[in-house]
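Student: Sequence first, predicted coordinates after that:
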Amino acid sequence: MNYKSIQIIQNLNKSKLFQFGLIIKIIIIISYQPFISSSLFLPFIENFINNPNFDPWTNFLEDSGDINSFPYGITMLLGYLPLSMIGNLFDQILNDNNFLELGFKFTSLLYDYILFIILSFLIQHKSQKLLIICYWLSPIVFFTTYIHGQIDILPISLLILSVLLIKEERFIYSGLLLGLSVICKFSMLIAFPFICIYLIKRKGFNLHFIKFISYFLLINIIFFLPYVFSDGFMKMVLSTRELDRLYYVFIPYGNNLRLYIIPLSYIFSLFLILRIKRITQDLFILSLGLGFLSIIVFLPPAPAWSIWLIPFLVFYQINSKRDLILITLIYSFAVIINTIYLPNNINNILNLNLLNPVAYDIGKFNRLQNIIFTIQQSLSFLLAIRVYIYGLKRNNFYSINEHPILISINGSNKIIIKNFSCALKKIFNRKDLKILDIENLYIENKIELKSQNNFYSKINENTLLRIPYYANYISELIYKINNEIKNTNSNFIALINSQNINIDSFSKKIDLNIHSIENINDELLVPSYKDIKNNSLFFYFKNNDVNKVKKELLITFFPIGYLHTELFNLFISISSLKVDIELFNEQRIVKMTIEGEPSSEDIYQIANSLISELDDLALNEKYWFSGYIGIMQLIFIAKLSKTLRKIE
């Protein structure tokens, strides 16, 4: 955590809205005793503190404990143990029975605050006031955690932290935390397939994916396998009646078959994400929310489960910066009202015979309850649709998911082109970028032609270019390029054309064109406004003698009002580069002349400030280059990001 992040957290803590929410939560903790936690969770925690045992579930049942008391894994117990133990110690010293409960409830507040900070990092510290309103002051968080007394705040906090670490490419820690989250509550497995789909689509079956899966499995082996043969664990955790809610909603097929709606809805949501060829980080996070929504939409009232949605709805609200704040507020109060009605029926639900999970008749709800429940589930369905549609719109690649982005790189400076293409290879993941060197294909085609035609092998190349067969020769070259494009699985294809071979037939297919990477000595002819505006870049290198010191300058062009202002300010403020700007073509074209040697760290910092969609491109951040190649990388990635937005 750097100094800037600490400053942002301090600013959040100083917010009056945050402090107001904190005071209200502390007042509720001190003054209110939730029925769920005091009657179910605390007896289990207290029994473990007073009778430490490797198998706390069996030990609790042998002491005549309620089988419904603690349907959670060992990491949930360990997560709530430290402050509860301190509270229990005070109870013994002061002969009071309240400190154990206070320690337990303050643990929920601690994880609530941790999740709040994690969300701040996940949204990249945008809209802090909206974050406080949407999460810290969320009615569902207030009611579910502090009044109803549920403790699902811990597993969802671990899950969101795992997602944040995936975003930061710390896959080992992410796998470990996801494993801990699943051990806390097995329902967190809902997120696992979505995470795997994202990693495979972004990284492929590479070392990062293997590390993530390995450490996820390792943590599950450590904390789950030892309890597989525990009778108490099987009864209290693996046979929990809460899981039976998944089978309440079904369509009967004859006398013996049922089509369960919730698993069907979940599989369908997985399919929607799986069919997208390329997925951005925003869509990945929203798809996780969609996975939870797909279950909750058809789920009978489940207070603890409603809190799973909140981080994803907060992420959506802050990034969309539009509607649904009111809809989410209405949804929150519908959930709360349904939860208030629920205690009248909770004992019936908990006492269901496992062999007859549908014995509880949802239809016994009165009409008002049914109407409120219908409103809640309708809004859940609306939220699911809006999150999915917004996620697709935010996904740069969705509208072009059948075709790769085609990039043309032309010029006569072979050394710079080679270095630049090498820089692109390194900064993009191997599966994302394919580089086709047209010169190599040209030579291969020429060798094939000469070997197949004895006559043409006896004449020089200049003669060959003048004969009619040249038309077929170029056609064959273009056919090969088309085949390479057609058969690639890469997101981007760069055509390197250092020989300036005529491939005009591709001009309409090119999404981003680097017209020239050239050395110049004399005055430079300014490119046309049409070329600069239509997704084209120009890079020129010029030697400049100042006081008999030879310096190389980089010259590039932009349409007025596009990138150059931000670049100019960032180059000067971060890298202390010397930058000159001239206007041409009726002040519609900006010529930028750059002199200096920025470090790779400077380039990376400028890229983070300049390109808001940088995360979507899944770049290898450690491969930003220094010097002019780094500047070319930066301008190219910024232009590519804008191009993708236009295509969308």
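Tutor: Received, thanks.
Student: The one residue sitting closest to the centre of the chain and Pro527: what is the separation?
Tutor: With distances taken as C-alpha atoms, centre = their mean, the residue of the chain nearest its centroid is Gln281 (3.0 Å). Distance of Gln281 to Pro527, computed by C-beta to C-beta, to the nearest Å: 35 Å. Where C-beta positions appear, they are placed from N, C-alpha and C, glycine not excepted.
Student: returning to that earlier point: report pLDDT for the nearest residue to the residue nearest to the centre of the chain once chain neighbours are set aside.
Tutor: Ranked by C-beta to C-beta, 6 or more residues apart in numbering and with sequence neighbours excluded, the top spatial neighbour of Gln281 is Asp615, at 4.7 Å. Listed pLDDT for Asp615 reads 73.
Student: rewinding a little: measure the residue nearest to the centre of the chain to Asp432 for me?
Tutor: Gln281 is 14 Å from Asp432, by C-beta to C-beta.
Student: any common contacting residues for the two?
Tutor: By C-beta atoms under 8 Å, 6 or more residues apart in numbering, Gln281 and Asp432 have these common neighbours: Ala618.
Student: max-length helix in this protein?
Tutor: helix 367-394 (DSSP state H).
Student: for that helix, packing partners?
Tutor: helix 281-296, helix 310-320, helix 325-341 (3 or more C-beta pairs under 8 Å, 6 or more residues apart in numbering; DSSP states H and E).
Student: Mind checking the pLDDT average for the strand or helix carrying Ile29?
Tutor: For Ile29, the host element (DSSP states H and E) is helix 16-31. Mean per-residue pLDDT for helix 16-31: 95.
Student: again with stretch 180-187
Tutor: Per-residue pLDDT over stretch 180-187 has a mean of 93.
Student: what does that stretch contact?
Tutor: So stretch 180-187 is contacted by 72-76, 79, 152, 154-156, 158-159, 162, 188-189, 192, 219-220, 223-224, 237-238, 243, 305, 308 (C-beta under 8 Å, 6+ apart).
Student: Ok, stretch 64-76 next?
Tutor: Stretch 64-76 is touched from outside by 39-41, 43-45, 47, 56-57, 60-61, 77, 151, 154-155, 180-186, 223-224, 227, 235-237, 240-242, 350, with contacts defined as C-beta under 8 Å, 6+ apart.
Student: which of those are buried?
Tutor: Applying a neighbour-count criterion of 16 or more other C-beta atoms under 10 Å, the buried members of the contacts of stretch 64-76 are 40-41, 43-45, 47, 56-57, 60-61, 77, 151, 154-155, 180-186, 223-224, 227, 235-237, 240-241.
Student: Worst mean pLDDT among the helices and strands packed on helix 367-394?
Tutor: Looking at the helices and strands packed on helix 367-394, the bottom one is helix 325-341 with a mean of 80.
Student: and it, what other elements does it pack with?
Tutor: By 3+ C-beta pairs under 8 Å, 6+ apart, helix 325-341 packs against helix 139-141, helix 303-306, helix 310-320, helix 367-394.
Student: I'd like these laid out as CSV, including distance to Leu619 and mean neighbour count.
Tutor: Formatted as CSV, the helices and strands packed on helix 325-341 follow (distance: least, C-beta to C-beta, whole Å; neighbours: other C-beta atoms under 10 Å):
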stretch, distance to Leu619, mean neighbour count
helix 139-141, 35, 21
helix 303-306, 36, 24
helix 310-320, 20, 23
helix 367-394, 18, 17
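Student: Now render those helices as JSON lines, adding distance to Ile123.
Tutor: As requested, the helices and strands packed on helix 325-341 are exported to JSON lines (distance: least, C-beta to C-beta, whole Å):
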{"stretch": "helix 139-141", "distance to Ile123": "16"}
{"stretch": "helix 303-306", "distance to Ile123": "21"}
{"stretch": "helix 310-320", "distance to Ile123": "5"}
{"stretch": "helix 367-394", "distance to Ile123": "13"}
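Student: For Ser475, which of these is the nearest?
Tutor: For Ser475, the closest of those is helix 367-394, at 38.6 Å, according to C-beta to C-beta.
Student: Report the distance from the closest one to the chain centre.
Tutor: Remark: helix 367-394 is offset 22 Å from the chain centroid, using C-alpha atoms, centre = their mean, to the nearest Å.
Student: same deal with stretch 571-582?
Tutor: The answer for stretch 571-582 is 33 Å, by C-alpha atoms, centre = their mean.
Student: Need the residues that contact that stretch.
Tutor: 564, 567-568, 590-596, 598-599, 602-603, 605-606, 609.
Student: in this structure, which spans are strands?
Tutor: Secondary structure of the chain, counting by DSSP state E: strands at 250-253, 257-260, 405-410, 433-437, 492-497, 512-520, 536-546, 549-559, 578-584, 589-595.
Student: Note down every partner strand of the third one and its orientation.
Tutor: On the basis of DSSP bridges, the sheet neighbours of strand 405-410 come out as strand 492-497 (parallel), strand 512-520 (parallel).
Student: Identify each buried residue in the longest one, please.
Tutor: Neighbour-count burial for strand 512-520, counted by 16+ other C-beta under 10 Å, picks out 512-518.
Student: since we're on the residue nearest to Phe171 when sequence neighbours are not counted, how many residues are nearby?
Tutor: Closest residue in space to Phe171, ignoring its immediate chain neighbours: Phe212 at 4.3 Å, by C-beta to C-beta, 6+ apart. Using other C-beta atoms under 10 Å, Phe212 has 25 neighbouring residues.
Student: what residues are up against Phe212?
Tutor: Counting by C-beta under 8 Å, 6+ apart, Phe212 has contacts 166, 171-172, 174-175, 195, 199.
Student: and the two most separated of those residues?
Tutor: Across those, the longest distance by C-beta to C-beta is 14.0 Å; it joins Ile172 and Ile195.
Student: Between those two, which is the more surrounded one?
Tutor: Neighbour totals were compared for Ile172 and Ile195, and Ile195 leads with 23 against 15 (other C-beta under 10 Å).
Student: follow-up on the earlier one: which secondary structure elements does the helix holding Ile29 contact?
Tutor: If you count contacts as 3+ C-beta pairs under 8 Å, 6+ apart, helix 16-31 packs onto helix 99-122.
Student: from the middle of its chain, how far away would the helix it packs on be?
Tutor: 23 Å.
Student: So for Ala384, which of the strands of the chain sits nearest?
Tutor: Judged by C-beta to C-beta, the one of the strands of the chain that comes nearest to Ala384 is strand 257-260, at 18.1 Å.
Student: coming back round to it: wait, the residue nearest to the centre of the chain touches Leu617, no?
Tutor: No. With contact defined as C-beta atoms under 8 Å, Gln281 does not count as touching Leu617 (9.7 Å).
Student: Excluding residues flanking it in the chain, which one is nearest Val163?
Tutor: Using C-beta to C-beta, 6+ apart, the nearest residue to Val163 is Ile285, at 6.3 Å.
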